[in-house]
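# What follows is a predicted protein model with its sequence.
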Amino acid sequence: MSDCLFCKIIAGEIPSAKVYEDDLVYAFRDINPMAPTHVLVVPRQHLASLDAADEASDETLAALLRACRKIAAQEGLSNGYRVVSNCGPDACQSVKHLHFHVLGGAQLSERMS
Ligand code: AMP
């Protein structure tokens, strides 16, 4: 999608700190990290949010979760990590391209809200 920030990052039109990529997934460091490790894992296919999951193949959805696990290992998060996807206004989703936040590298809050 031409006006989507993450589509522009995937296309290399906006710079990013790449952490991982494969045929279906691109991952890069969050510009405003909320933990020592904060990586965004996104599908190359434009999907507005998890609500659009039915527009994606099972292969793409599985690739996203496998990438989260690979990135956690690559980043040395052996003591644990959190995977979050904000979906819609109540969750404060700010970029309308499906993404998973992978957070770790410190003790995270028990609170999820
Ligand atoms: P969300 O609020 O769940 O939609 O998450 C969007 C995330 O994208 C936020 O954590 C932002 O800090 C991050 N972000 C916005 N612009 C960029 C960018 N150019 N490069 C990396 N991360 C970004």
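Cool, the structure landed. Note that the structure is a prediction, hence the values are computed from the model and not measured. Numbers count the residues shown, from 1 in each chain.
# Helices along the chain, start to end?
All helices of the chain, identified by DSSP state H, fall at 5-10, 58-74.
# contacting residues around the longest one?
Around helix 58-74, the neighbours that count as contacts under CB atoms under 8 Å, 6 or more residues apart in numbering are 19-20, 22-25, 27, 39, 41, 43, 45, 53, 81, 83, 98, 100, 102, 104. The C-beta positions use only the backbone N, C-alpha and C, and glycine is treated the same way.
# how about the residues of this structure near the ligand?
5, 14, 16, 28, 30-32, 40, 86, 92-95 (CB under 6 Å from any ligand atom).
# In strands, which of these appear?
28, 40 (DSSP state E).
# Drop anything exposed from the residues of the chain next to the ligand.
16, 28, 30, 40, 86, 93 (16 or more other CB atoms under 10 Å).
# How about the second one: what's its closest non-neighbour residue?
Which is residue 28. residue 16 (3.8 Å; CB to CB, 6 or more residues apart in numbering).
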